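Trainee: Next come a sequence and a model predicted from it.
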Amino acid sequence: MLAARFRSPVTAYQLALFAGLLLSCYAIFEGKQTNRRNLSLSEANSRIITEADIWVYIGLIQIACFRYFIPPASVVSVFLQQIRPWIAGVSCIFGYLLYMLPWQRWGWPKRPWQITAYILPLFYLWETRIQIYSISLLLVAGYYILIAKIAHKIRFTYISLALVNWVLWRWYMDLNFTNALWYISSVSLSLLYIAQFDSLLKLPQNKIYRHGLRILATVMICGYATVFHQNVFWIPGILSLLAIFAGLGLKIRAFLYVGTISFVFTAFYHLVIFTFDYPFIKWVVGLLVGITLIFIAANFEGRRQQLNILIRNINTEFKEWE
């Protein structure tokens, strides 16, 4: 009779859970004992993975595997299925506790718990990516902003950027915003954020890469609008003017260059279309352009020196811009 009970599925699950819990606790407490023995070694506070770290990692991985041994019809399994769309957001609470608790004072190495805090919401984010609610995505985004502030690691906010874009794209699809400019704009603004705040790109020797990333991001917005939205001229016109004013106000060359090229192209395109629709205007525009060229040529020789000084001053000032 006892053998029959142990052959039942529920008992097998309970036995597996108990064995797994026992082994996990053993590994975690072995990490504590190993860390205490090696605390005097220089490698205990280095970036090298120590034996104590490995023991704690093993214990935490075993705990993560527990859910595969939970019976599908159990109360715990049913509860987890009900909160599945929220579980990534809830995991942020546990991640924050794992990060902030005084593990070193308690005798454990701190690094395994912190790394677990880094990846825990991402793990559940991937697992629930289909059912997850937008508010849960925003909670995870806020969590990584908080971690970035506490750990002084700005690149954690890049995860938040990706999640915010995910939420925005969901909203765009729900609101039936089918124009690709909406989606491109969110990605471009994210690239501009990286160019502005990335610690490596802030270095003087990486100025050219920062400039190139800004050009790429601005071209994605203004370029797409200029090429694919000329039938609605005010869209590329407004975007290019915003880029020009942003470049002048913030002294950023990338915005000014791309905005000016986009505006000139848009103005020239619609001027050509306008002259074809109204032939008489073509002669008026040609006359005005001719008079302007004659005026420039007549005054060029007399003002060459002043123009050269002006161009050199503008060039020098541009070199000091971002």
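Mentor: Arrived safely, thanks for sending. If you're wondering where the values come from, they're calculated on a predicted model, not measured in any experiment.
Trainee: And residue 173, which helix or strand is it part of?
Mentor: Using DSSP states H and E, residue 173 sits in helix 156-174.
Trainee: So which bits of that helix are buried?
Mentor: For helix 156-174, the neighbour count (16 or more other C-beta atoms under 10 Å) marks 156, 157, 158, 159, 160, 161, 163, 164, 165, 166, 167, 168 as buried. (Each C-beta comes from the backbone N, C-alpha and C, glycine too.)
Trainee: so who does the fifth one touch?
Mentor: Meaning residue 160. For residue 160, the contact set (C-beta atoms under 8 Å, 6 or more residues apart in numbering) comprises 141, 142, 144, 145, 148.
Trainee: Put together TSV for those, with distance to residue 75, pLDDT and secondary structure on each row.
Mentor: Formatted as TSV, the contacts of residue 160 follow (distance: C-beta to C-beta, whole Å; pLDDT from 0 to 100; DSSP: H, G, I helix; E, B strand; the rest coil):
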residue	distance to residue 75	pLDDT	secondary structure
141	31	96	helix
142	31	96	helix
144	32	96	helix
145	35	96	helix
148	37	95	helix
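Trainee: nearest to residue 240, of those residues?
Mentor: Nearest to residue 240 out of these is residue 141 (C-beta to C-beta; 30.8 Å).
Trainee: got a list of what that closest one touches?
Mentor: Residues in contact with residue 141 (C-beta under 8 Å, 6+ apart) are 159, 160, 163, 164, 167.
Trainee: Would you quantify the distance from the fourth one to residue 142?
Mentor: Just to be clear, that refers to residue 164. 10 Å (C-beta to C-beta, to the nearest Å).
Trainee: The first one too?
Mentor: For residue 159, the distance to residue 142 under the criterion C-beta to C-beta works out to 11 Å.
Trainee: Using ChimeraX, make a named selection holding only the buried ones among the contacts of residue 160.
Mentor: A single ChimeraX command selects the buried members of the contacts of residue 160 (16+ other C-beta under 10 Å):
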select :141,144,145,148
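Trainee: Might one say that residue 161 is in contact with residue 188?
Mentor: No - between residue 161 and residue 188 there is no contact under C-beta atoms under 8 Å: 11.7 Å.
Trainee: In the stretch 201-322 of the chain, what residue spans correspond to strands?
Mentor: Using DSSP state E, counting those that start in this stretch, the stretch 201-322 of the chain contains no strands.
Trainee: now it, which segments are flagged as low pLDDT?
Mentor: 276-286, 293, 296-308, 310-311, 314-315, 318-319 (pLDDT under 70).
Trainee: Burial check on residue 264, number of neighbours?
Mentor: Counted with other C-beta atoms under 10 Å, the neighbours of residue 264 add up to 12.
Trainee: need the contact list for residue 21.
Mentor: With contact taken as C-beta under 8 Å, 6+ apart, residue 21 is in contact with residue 66.
Trainee: and it, what element?
Mentor: Going by DSSP H and E, residue 21 is in helix 9-37.
Trainee: as a whole number, average confidence for that helix?
Mentor: Mean pLDDT, taken over the full extent of helix 9-37, equals 76.
Trainee: That helix: which residues count as buried?
Mentor: Quick answer for helix 9-37 (16+ other C-beta under 10 Å): 20, 24, 27, 28, 30, 31, 32, 34, 35.
Trainee: Now whichever helix or strand comes after that helix: buried residues?
Mentor: Sequence order places helix 51-64 as the next helix or strand after helix 9-37, per DSSP H and E. Buried residues in helix 51-64, counted by 16+ other C-beta under 10 Å: 52, 53, 54, 55, 56, 57, 58, 59, 60, 62, 63.
Trainee: for stretch 121-131, same thing?
Mentor: With burial defined by 16+ other C-beta under 10 Å, the residues of stretch 121-131 counted as buried are 121, 122, 124, 125, 128.
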